[in-house]
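A.B. asks: below are the sequence and a predicted model for it; my questions follow.
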Amino acid sequence: MTTALTAPSTTDLTAFGLLAGSLVAGATTGVDDPEWTGAARSSWEDAPGALRRLVREFRRDSGPDGRLLIPGLPLGVLPDTPMVRGSVQREPALPAAFLSLVAHGFGDPAAFAAEKSGALVQDVVPVPGLEHVQGNTGSVELTFHTENAFHRHRPDFVLLLCLRPDHDEVAELRTCCVRRVLPELTPRTRDALFRPQFLTAAPPSFGDSGGGLAHAVLSGDPLDPDLCYDQAATGSATDEGRAALAELSTVVDRVHDGLRLRAGDLAVLDNRVALHGRSSFTPRYDGRDRWLQRMFSFADLRRSRDHRVADGSVLVR
């Protein structure tokens, strides 16, 4: 049963801002260091109770949309929006503290060595000359996808914190949950999507990582399945599979919704059931372009133990 989720109060957000500030003030290492991660894990227990309950309930049941919004986090003074490929946040700062704290509410933060050099906090910014890339450096429409759908250890939750919206405030974070999609699919397509007849290529941000193993697009409970799909990168060698993907894509395009993030808005996506994408926007490359910071959280980090050196936070394969 879906639980109604209540946004944190202004008092809670202020208290959470003070907690994040104390994490930054006490930092003696970078945000990728185990010391920072450990401090964030411990500090999350001191977050306002209402915020911890909100995260706990969403983790247990992400509802019909698979998306949570925590609005109005106090970010402080920001530098210019980065404009280079591979941009990350390695130094302690308020946005990184918010992401690190909330990520521990959902599990454990981790990243991939092949993407953004394995940094835990990654910038999502437009980069000159890469406008048409289907990835975090582009500014054209980004098609719907499960984050890292090609990987067997994809994140359970994707955290996107808006530091700065686009100039025209038209860019939408678009999401589509399998719980909205499933009733719109024909029985034949649902059955086909449950069969392991699909392949998904790695996204451009991973470089030349090849494709993953054959997988099903839908898995688990037929009445409430998980969804693993990348509109631009998932294909099938069978006629049945291609027809099922075409129907799925049509339904996703029809039933999705959009959210225009403002500075301080933190969106959390349940990557097990919700796809996400982005509408197009026009960057100006003037230091004030759209700037999100991203972090992944894994509900059970132990599952990827053989992919992480010395039980660290970076998946090396």
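C.D. replies: Ah, there it is.
A.B. asks: in stretch 53-72, what counts as buried?
C.D. replies: Across stretch 53-72, burial judged by 16 or more other C-beta atoms under 10 Å covers 54-55, 57-59, 62-63, 65-68, 70, 72. C-beta coordinates here come from the backbone N, C-alpha and C atoms, glycine included.
A.B. asks: give me the contacts around it.
C.D. replies: Contacts of stretch 53-72 from elsewhere in the structure, counted by C-beta atoms under 8 Å, 6 or more residues apart in numbering, are 1-3, 5-8, 10, 13, 51, 102, 105-107, 157, 175, 177-180, 257, 259, 262, 264-270, 272-274, 299.
A.B. asks: can I get the buried residues of stretch 53-72 in CSV including distance to Gln122?
C.D. replies: CSV is the format used below for the buried residues of stretch 53-72 (distance: C-beta to C-beta, whole Å):
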residue, distance to Gln122
Leu54, 24
Val55, 21
Glu57, 27
Phe58, 22
Arg59, 22
Ser62, 22
Gly63, 26
Asp65, 24
Gly66, 21
Arg67, 19
Leu68, 19
Ile70, 19
Gly72, 22
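A.B. asks: and those residues, which is closest to Ala97?
C.D. replies: For Ala97, the nearest member of the buried residues of stretch 53-72 is Ile70. The distance, counting by C-beta to C-beta, is 13.8 Å.
A.B. asks: got the contact list for the residue most central in space within the chain?
C.D. replies: Geometric centre of the chain, nearest residue: Val158, 2.4 Å, by C-alpha atoms, centre = their mean. Contacts of Val158 were listed using C-beta under 8 Å, 6+ apart, and they are 147, 268-269, 271, 276, 294-297.
A.B. asks: so which of those residues comes closest to Thr234?
C.D. replies: Glu147 (13.2 Å).
A.B. asks: got a list of what the closest one touches?
C.D. replies: Listed by C-beta under 8 Å, 6+ apart, the contact partners of Glu147 are 154-155, 158, 269, 271, 276, 296.
A.B. asks: wait, which of those residues is closest to Leu23?
C.D. replies: Taking the contacts of Glu147 together and measuring to Leu23 by C-beta to C-beta, the closest member is Phe296, at 19.0 Å.
A.B. asks: you'd agree the closest one is up against Phe157?
C.D. replies: Yes. Here Phe296 lies in contact with Phe157, judged by C-beta atoms under 8 Å, at a distance of 7.2 Å.
A.B. asks: identify the contacts common to these two.
C.D. replies: By the contact definition C-beta under 8 Å, 6+ apart, Phe296 and Phe157 are jointly contacted by Ala103.
A.B. asks: just checking, Pro82 is part of a strand?
C.D. replies: No. Assessed with DSSP: H, G, I helix; E, B strand; the rest coil, Pro82 is coil; it does not lie in a strand.
A.B. asks: need the contact list for it.
C.D. replies: Under the contact definition (C-beta under 8 Å, 6+ apart), the residues listed for Pro82 are 123, 125, 291.
A.B. asks: in helices, which of those fall?
C.D. replies: Cross-referencing the contacts of Pro82 against helices under DSSP state H gives no overlap.
A.B. asks: show me just the buried residues among those residues.
C.D. replies: Under a neighbour-count criterion of 16+ other C-beta under 10 Å, the subset of these counted as buried comprises 123, 125, 291.
A.B. asks: out of the residues you listed, which is nearest to Leu94?
C.D. replies: Nearest to Leu94 out of the buried ones among the contacts of Pro82 is Trp291 (C-beta to C-beta; 13.6 Å).
A.B. asks: partners of that closest one in the sheet?
C.D. replies: Beta bridges link Trp291 to Arg164 when assigned by DSSP bridges.
A.B. asks: ok, it - contacts?
C.D. replies: If you count contacts by C-beta under 8 Å, 6+ apart, Trp291 has them with 78, 81-82, 123-125, 162-164.
A.B. asks: please redo it, this time with the cut-off set to 7 Å
C.D. replies: Contacts for Trp291 were tallied using C-beta atoms under 7 Å, 6 or more residues apart in numbering; they are 81, 123, 125, 163-164.
A.B. asks: farthest-separated two in the residues you listed?
C.D. replies: The most widely separated members of the contacts of Trp291 are Asp123 and Arg164, with 10.9 Å between them, by C-beta to C-beta.
A.B. asks: circling back to that earlier point, just the contacts of stretch 53-72: which are in strands?
C.D. replies: For the contacts of stretch 53-72, the ones inside strands are 157, 175, 177, 257, 259, 266-270, 274, with DSSP state E as the criterion.
A.B. asks: please pick the buried ones from the residues you listed.
C.D. replies: Judged by neighbour count, with buriedness set by 16+ other C-beta under 10 Å, the buried members of these are 157, 175, 177, 259, 266-270, 274.
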